[in-house]
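Asks: generate a structure from the sequence data that follows.
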Amino acid sequence: MNYRILTVSPGSTSTKFAVIENETVLLRKTVTHSKEELNRFSKVNDQLPFRTDLILEGLRDAGCELSTMDAFSAYSGGLVSTPSGIFPVNEQMLADCTSGRLFEHPAILGAQIIHQFSMQTGKPCFLVNPPDTDEFQEVSRISGIRGIYRESHVHVLNQKEVAIRAAKSLGRSYENCNFIVCHVGGGLSIAAHRRGKMVDANDVLNGDGPMAPNRSGYVPVMPIIKMCFDGQHTEQEMRDLVARTGGLISLLGTDDTREIVQRIEAGDVWAKLVYDAFAYQLAKYIGSYACTLQGNVDAVVMTGGVSNDSYFISKVKESAGWIAPFIVYGGDFEMEALASGAIRGLTGEEMPKTYTGVPVWEKFDFEPGI
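Replies: Next up is the predicted model:
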């Protein structure tokens, strides 16, 4: 049976949507938004009609009718921490997304948009492996400061999708494999997948892990503290260094890896050192997550836009290729992941879960008092 799914992903500067029938992409579109366009809205929730109309207009232009969809699937944040899986949109989910109390970002619109489409057509709507997914083992949560605990903030949707694909390529199920998955795009997430769960990962929102094209990754803490109190940097500037202007942008002035490779080929020694360090840092984390999996690694899976660069992949392999075979899926597959998840929910291949609004983890119940 053929299933036609409309997938939606609202981002900070774009709205992505696609129509996918089984594994065939019938329509894929990214509408970019200027700052001026979005500054018209005082709150993220005010963008809901604007982004919804853009999607409906794109469907009409492509000759796609909303009524022909079998289901709707979205990337949507703003939830409490959840297990992974497929979640039908419910009232609790909409309440958490709409409130923006946990996450003020256009991603909170995903569930709201597809809920509207569902109400219009009577077809089901799902979130698939939302960004708030947290499957950490307890030992992974501990940091070196009491009260500061590590949380799961990674590219869950694409991480899970390529892990499922890698398992199929090995003739096995995702739940019977151990992978180290590296999503290397503007941001970088690396996670240890043990038998279907991401038991440890770097926190891409809070400056953890290797540097990325536009994120700092881990840096020594004491110099950061000094910068915070030197009177020359605002709080926003420090936040930007961690999450928007760090990494390759800070060191090389660009996060375009194609430009960096061109500079290396032209003999730029500094560009080569920085880019090699980028790969070297990632390889070190791959090694650490091999320890998390106790050396039982079926494959290292590379994905994200930077994974299209053969030079970068070769440099990572130089240091980490001995750990396990590398499987490379350049680019991202978030639209496909949303569609395949919805289809699994429709067919019963994977049982949908209920979003309860109760976080999977908040604190250690057995932590002693001070």
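Asks: which residues touch residue 156?
Replies: Residues in contact with residue 156 (CB atoms under 8 Å, 6 or more residues apart in numbering) are 84, 129, 130, 131, 133, 198. To be clear about C-beta, it is placed using only N, CA and C from the backbone, and glycine gets the same treatment.
Asks: how about a cut-off of 7 Å?
Replies: Residues near residue 156 by CB atoms under 7 Å, 6 or more residues apart in numbering: 84, 129, 131, 133.
Asks: do the same with residue 96
Replies: Counting by CB under 7 Å, 6+ apart, residue 96 has contacts 78, 79, 80, 102, 357.
Asks: can you tell me the SS state at it?
Replies: helix (DSSP: H, G, I helix; E, B strand; the rest coil).
Asks: quick check, pLDDT for it.
Replies: Note for residue 96: predicted pLDDT of 95.
Asks: flag the shaky bits of the stretch 101-250 of the chain, pLDDT-wise.
Replies: Counting by pLDDT under 70, the stretch 101-250 of the chain contains no low-confidence segment.
Asks: which residues of it fall in helices?
Replies: Ranges of helices within the stretch 101-250 of the chain are 109-121, 156-169, 221-228, 235-243, 248-252, based on DSSP state H, counting those that start in this stretch.
Asks: these: which one's closest to residue 337?
Replies: Each of the helices of the stretch 101-250 of the chain has some distance to residue 337 by CB to CB; the shortest is helix 156-169, at 3.6 Å.
Asks: distance from the chain centre to that closest one, please.
Replies: On the basis of CA atoms, centre = their mean, to the nearest Å, helix 156-169 sits 13 Å off its chain's mean C-alpha point.
Asks: hang on, the earlier thing: could you dump the helices of the stretch 101-250 of the chain to TSV with distance to residue 351?
Replies: As requested, the helices of the stretch 101-250 of the chain are exported to TSV (distance: least, CB to CB, whole Å):
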stretch	distance to residue 351
helix 109-121	19
helix 156-169	16
helix 221-228	43
helix 235-243	36
helix 248-252	42
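Asks: which of these sits closest to residue 13?
Replies: Judging the helices of the stretch 101-250 of the chain by CB to CB, what sits closest to residue 13 is helix 109-121, at 13.6 Å.
Asks: by contact count, what packs against the closest one?
Replies: Helices and strands touching helix 109-121, by 3 or more CB pairs under 7 Å, 6 or more residues apart in numbering; DSSP states H and E, are strand 4-10, helix 48-61, strand 71-74, helix 91-99, strand 125-128.
Asks: first to last residue in stretch 177-191, what's the distance?
Replies: 13 Å (CA to CA, to the nearest Å).
Asks: any idea how far that stretch is from the chain center?
Replies: 9 Å.
Asks: now swap in stretch 154-161 and tell me
Replies: 5 Å.
Asks: and for stretch 326-341?
Replies: The chain centre lies 11 Å from the centre of stretch 326-341; the measure is CA atoms, centre = their mean.
Asks: just the CA trace of that stretch, in CSV.
Replies: The C-alpha trace of stretch 326-341 is given here as CSV (Å, rounded to 0.1, in the frame of the first residue of the first chain):
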residue,chain,number,x,y,z
PHE,A,326,32.7,3.7,8.6
ILE,A,327,29.3,4.1,6.9
VAL,A,328,28.7,7.5,5.3
TYR,A,329,25.4,9.2,4.6
GLY,A,330,26.2,12.7,3.4
GLY,A,331,23.5,15.3,4.0
ASP,A,332,20.5,15.0,6.2
PHE,A,333,17.4,12.9,5.9
GLU,A,334,15.0,14.6,8.3
MET,A,335,12.1,14.8,5.8
GLU,A,336,12.5,11.1,5.0
ALA,A,337,12.8,10.3,8.7
LEU,A,338,9.5,12.1,9.4
ALA,A,339,7.8,10.3,6.6
SER,A,340,9.1,6.8,7.4
GLY,A,341,8.2,7.3,11.1
